[in-house]
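Novice: here is my input; please provide its structure:
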Amino acid sequence: MSSNVIWYAARVGGLTAWAMLSATVLLGLFAATRLLGRRATPARLQAIHQHLGEVTMAFVAVHVLALIADSYVHFGIVDVLVPFASKWRPVAVAFGVVAFWTLLAVWLTSVARAHLSRRVWRTVHLASYVTYVATSIHLMTAGTDAWSPVVQVANFVVSGAVAGLTVLAFVRHRNRRAAGGSTPRIARPTGTMPPAPAPATAPVRRERVRVSA
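Specialist: Residues are numbered from 1 along each chain as shown. I've put the predicted structure just below:
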């Protein structure tokens, strides 16, 4: 395989991975803000969200493997797995390495979500924001297509949408917590209440009436 084909595979893999990651983050924010309406059920959104995450991981693998196979920059396994190990633009590549590890953590916890507590899953899942920011910085500092007007406009639009939806999701979450905190909770019975006793009735005395002829 020629070096040009490998290099184009690395570029396409990186750009597609960023696009899929952006779609995953936006879908999660749309679900958090409930802007998609009632038709977007949580089960359907979760299925699409997980599928996009798997596609993102696949294109990340294409991007990393193509970089290792390319003979122009000479990336090694350590260069793509350890931050600041690369001699070629170490800071820019480090953002990509951080994005890879955080994305892997989010994806693995999503796969094992049924075996994790909601608190653990939610805490790790918040790393998606770190992944998106690190990936976007990596794209604009290390990517060959960073100076492309299409890439710059797409990054600007998507980043603005992510920032706006994040603020909206935070505000709505805070309002829901405030509303829930101000409403008194009614304790549910822990057992079955015994039936109320029937009201006692006074016995009716029947008197014989003597009829005279």
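Novice: excluding its backbone neighbours, what's nearest Val64?
Specialist: Nearest residue to Val64, sequence neighbours excluded (Cβ to Cβ, 6 or more residues apart in numbering): Val80, at 5.2 Å. Where you see a C-beta, it was placed from the backbone N, CA and C, and this is true even at glycine.
Novice: again, but for Val97
Specialist: Using Cβ to Cβ, 6+ apart, the closest residue to Val97 is Pro83 (4.7 Å).
Novice: and for Leu168?
Specialist: For Leu168, ignoring the flanking residues on the chain, the nearest one in space by Cβ to Cβ, 6+ apart is Thr33 at 5.1 Å.
Novice: same question, Val93
Specialist: Ser86 (4.2 Å).
Novice: could you look up the SS state of the one you found?
Specialist: coil (DSSP: H, G, I helix; E, B strand; the rest coil).
Novice: so who does Ala10 touch?
Specialist: 62-63, 66-67, 70 (Cβ atoms under 8 Å, 6 or more residues apart in numbering).
Novice: would you list the buried entries among these?
Specialist: Burial by neighbour count, judged by 16 or more other Cβ atoms under 10 Å, picks out 62-63, 66-67, 70 from the contacts of Ala10.
Novice: in helices, which of those fall?
Specialist: The helices, defined by DSSP state H, take in 62-63, 66-67 from the buried ones among the contacts of Ala10.
Novice: hmm, back to that, can you pull the contacts of the residue nearest to Leu168?
Specialist: Contacts of Thr33 by Cβ under 8 Å, 6+ apart are 165, 168-169, 172.
Novice: switch to 6 Å and redo it
Specialist: 165, 168-169 (Cβ atoms under 6 Å, 6 or more residues apart in numbering).
Novice: which residue ranges of the protein form strands?
Specialist: When assigned using DSSP state E, the chain turns out to have no strands.
Novice: max-length helix in this structure?
Specialist: Counting residues, the longest helix found in the chain (DSSP H) is helix 149-182.
Novice: buried ones in that one?
Specialist: Neighbour counts using 16+ other Cβ under 10 Å place 151, 154-155, 158, 162, 165-166, 169 of helix 149-182 among the buried residues.
Novice: now do stretch 123-130
Specialist: 124, 127-128, 130.
Novice: can you redo those as a markdown table with pLDDT?
Specialist: Formatted as a markdown table, the buried residues of stretch 123-130 follow (pLDDT from 0 to 100):
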| residue | pLDDT |
| --- | --- |
| Val124 | 90 |
| Ala127 | 90 |
| Ser128 | 90 |
| Val130 | 94 |
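Novice: now, those that are in helices?
Specialist: Going by DSSP H, the helices hold 124, 127-128, 130 from the buried residues of stretch 123-130.
Novice: between the residues you listed, which is nearest Leu139?
Specialist: Using Cβ to Cβ, Val130 comes nearest to Leu139 of those, at 14.8 Å.
Novice: my read is that the closest one contacts Thr102, right?
Specialist: Yes. Using Cβ atoms under 6 Å, Val130 is in contact with Thr102, at 5.1 Å.
Novice: quick revisit: number of nearby residues for the residue nearest to Val64?
Specialist: 18 (other Cβ atoms under 10 Å).
Novice: could you do His115 as well?
Specialist: Residues lying near His115 (other Cβ under 10 Å) number 9.
Novice: coming back round to it: among the ones in helices among the buried residues of stretch 123-130, which pair sits farthest apart?
Specialist: Val124 and Val130 (10.7 Å).
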